[in-house]
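[1] Need coordinates for the below:
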Amino acid sequence: MLFDAILHNSSLTRPRLARVGLVMGVVVGVVAASLAPGRAAARQSGVVGIPEDDPFADELNPFGSGKQPAPPAAPAQPPKPPPIKLPVPFPERTLPGDPADRQPPPRRESAPRPPARPESQLDLRGLEPFPDANSPTAEVEPSPAEELLIEAERLDRAGRLAEARAVLEKAVKLDPKLTIAHLALGVIRRRLGDFRGSVDACSAGLRIDPQDPELYLRRGIAWFHLGLHGIALEDFEDAAGIAYDDPRPELWRGLALVELGRPLEAINAYASAIRRDRTFMIAYLNRGLAYLSAGEPRKAEFDFDLAIRHNPKDVRAWFNRGVAQAAQGRYGDAVESYAAALELDPRHEPSRKNQAAAERMVSGRRR
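    Next up is the predicted model:
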């Protein structure tokens, strides 16, 4: 469980995923965008944003301006020096211009070769390479520190986190250069609520291996829980730059950006997480919430639809889709989304309250 959480943690959840509150009534405003001054005059010129004296304007203009720059004159070629006559082959014992000695060099006396052994008498076992850790037949005994890691994993599976932490602390003292021991200790400390201790453990591992993306990610999560979102953002960026196939650093980067009040950048981070893994449903959910925060309920509904397509049994996706639909004034559709969430979880109180509020809005429209 401990190492499954380290290597395959796909259950990262938004700490305040249900931040979108109960929808009791939504007013959607439409703000008309004004044209920038001077844009109409630029359109009349034929080429928008390109100066007339730019020699490459016609290349950048897809319609063409009709003006073709004159081809530059070809530069004058410098005179070629006369070829140098060299003897062939290069002499070693001759002078330039003299014929080369083409007699073959004398053969050196080689040592007599031992008689070949019959193939049936060859001992092929002596030709096998030394076994290594990657060899399937190699049997490598775990070190004492690695045995402590195995014990810590057993304690973690049994839910005895405090004992697992003590065992991992012994493993770190026994082998201070065992990076995975620092990582496991950081995870256990964070799960016990010791976020500062988790930062210290991950930092100790990064001093050993500064290219380990998992250590950056786990330290960033600890910084995030400490409320230091700017520092956490730096660790998430480092992890994302190293592990470019892992969607989790981009997800956490988006969470940090939301906490820093930068929802548009968070949307880009969630989009990057989705590009890395199209099945990473939590990224769709969080991007939808970011769209709601940015006042884009239609785009939010699209992301919640994608999340439902990946996992039709996710209550959060149905509930948030109802929130996005209610934000567009589509209270009848919102009632259906909340009903779907309640079918999956009849005890989901937010869906029940929002469904009642949306039904009142539908009844008020009919009167």
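
[2] any weak-confidence spans in the stretch 51-200 of the chain?
    Scanning the stretch 51-200 of the chain for pLDDT under 70 picks out 51-139.

[3] and if we set it to 80?
    51-140 (pLDDT under 80).

[4] CA atoms of stretch 254-268 as CSV?
    Extracted as CSV, the C-alpha positions of stretch 254-268 are listed here (Å, rounded to 0.1, in the frame of the first residue of the first chain):
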residue,chain,number,x,y,z
GLY,A,254,-3.5,23.6,-11.2
LEU,A,255,-4.7,23.3,-7.6
ALA,A,256,-1.9,25.6,-6.4
LEU,A,257,-2.8,28.1,-9.1
VAL,A,258,-6.4,28.1,-8.0
GLU,A,259,-5.4,28.8,-4.4
LEU,A,260,-3.2,31.7,-5.6
GLY,A,261,-6.2,33.2,-7.4
ARG,A,262,-5.1,32.4,-11.0
PRO,A,263,-7.9,30.2,-12.4
LEU,A,264,-7.1,30.8,-16.1
GLU,A,265,-3.5,29.5,-15.5
ALA,A,266,-5.0,26.6,-13.6
ILE,A,267,-7.2,25.7,-16.6
ASN,A,268,-4.0,25.5,-18.7
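
[5] Identify all contacting residues around that stretch.
    The contact list for stretch 254-268 (C-beta atoms under 8 Å, 6 or more residues apart in numbering) reads 14-15, 220, 224, 229-230, 232-233, 236, 253, 269-270, 273, 283, 286-287, 289-291, 293-294. Quick note: C-beta positions are derived from backbone N, CA and C, even for glycine.

[6] Please parse the chain into its domains.
    Here the domain parsing of the chain from automatic domain parsing is 143-210, 278-367.

[7] For those domains, could you give me JSON lines that also reports distance to residue 264 and mean neighbour count?
    Formatted as JSON lines, these follow (distance: least, C-beta to C-beta, whole Å; neighbours: other C-beta atoms under 10 Å):
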{"stretch": "domain 143-210", "distance to residue 264": "28", "mean neighbour count": "19"}
{"stretch": "domain 278-367", "distance to residue 264": "6", "mean neighbour count": "19"}
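
[8] Thanks again, I'm all set now.
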